[in-house]
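Asks: quick one, fold the following:
(one chain, ligands or ions: 1)
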Amino acid sequence: MSSECVFCRIIKGEIPCAKLYENNDIIAFLDIMPAVKKGGHTLVVPKKHYEFITDMPDELIAKAMSAAKRIACAVMKEADGVNILLNNGKAAGQYVPHVHFHIVPRYKGDKIGLAHWEALKYRKGEMEKVQERIKKLFEEGIC
Ligand code: AMP
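Replies: Numbering: from 1, shown residues only. Predicted coordinates for the structure are as follows:
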């Protein structure tokens with residue numbers, strides 16, 4: 001637990017939240033600044049403080065994803081679709097340095113820019129080089 005971290009403070013009950021779900025390891029509450037007008041944008045947060053998903057044990061990730069699935073199930077009762085999103089690192093848009101999955105309800109034509117990017121093309125031979133670079137990390141047991 002970090003005394004500075006806003007999500008740790010929510011977990012400790014020092015800051016209120018609109019809680020939707022909780023178990024021993026995970027809490028889920030409404031995002032205070034939702035991406036969608038109709039609301040329901042939810043954050044699924046491990047209670048133990050980790051800054052990055054890459055720091056988390058696999059079992060805890062599985063528990064967080066299981067909670068995310070339940071929230072997504074509830075969201076899908078009203079919405080047309082759902083994005084499950086994690087910003088890992090500042091460059092990826094992570095503002096709160098405590099792992100959290102965003103569960104974002106989506107509606108047809110809502111124009112929320114979460115899952116759209118310009119689809120680029122690899123130059124000849126570049127894809128294979130990238131593939132080798134990443135596979136090497138697995139082969140060498142680094143990741
Ligand atoms: P990220 O950019 O992935 O770090 O997203 C952090 C999210 O946390 C943002 O969508 C914020 O609106 C949300 N947030 C920050 N403070 C609170 C809070 N006290 N209660 C609920 N959500 C919060």
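Asks: what does this protein put close to the ligand?
Replies: 6, 15, 17, 31, 32, 33, 43, 87, 93, 94, 95, 96 (CB under 6 Å from any ligand atom). The C-beta positions use only the backbone N, C-alpha and C, and glycine is treated the same way.
Asks: tell me the SS of the closest residue to residue 55 other than its chain neighbours?
Replies: If the residues on either side of it in the chain are set aside, residue 55 comes closest to residue 99, at 7.8 Å by CB to CB, 6 or more residues apart in numbering. At residue 99 the chain is in coil, as set by DSSP: H, G, I helix; E, B strand; the rest coil.
Asks: quick revisit: buried subset of the residues of the chain next to the ligand?
Replies: 6, 17, 31, 43, 87, 94 (16 or more other CB atoms under 10 Å).
Asks: so can I have TSV of those showing pLDDT and secondary structure?
Replies: Converted to TSV, those look like this (pLDDT from 0 to 100; DSSP: H, G, I helix; E, B strand; the rest coil):
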residue	pLDDT	secondary structure
6	98	helix
17	98	coil
31	97	coil
43	98	strand
87	96	coil
94	96	coil
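Asks: can you tell me which of those residues is nearest the ligand?
Replies: Nearest to the ligand out of these is residue 87 (CB to the nearest ligand atom; 3.7 Å).
Asks: right, and the closest one touches residue 93 too?
Replies: Yes: applying CB atoms under 8 Å, one finds residue 87 in contact with residue 93, separated by 4.2 Å.
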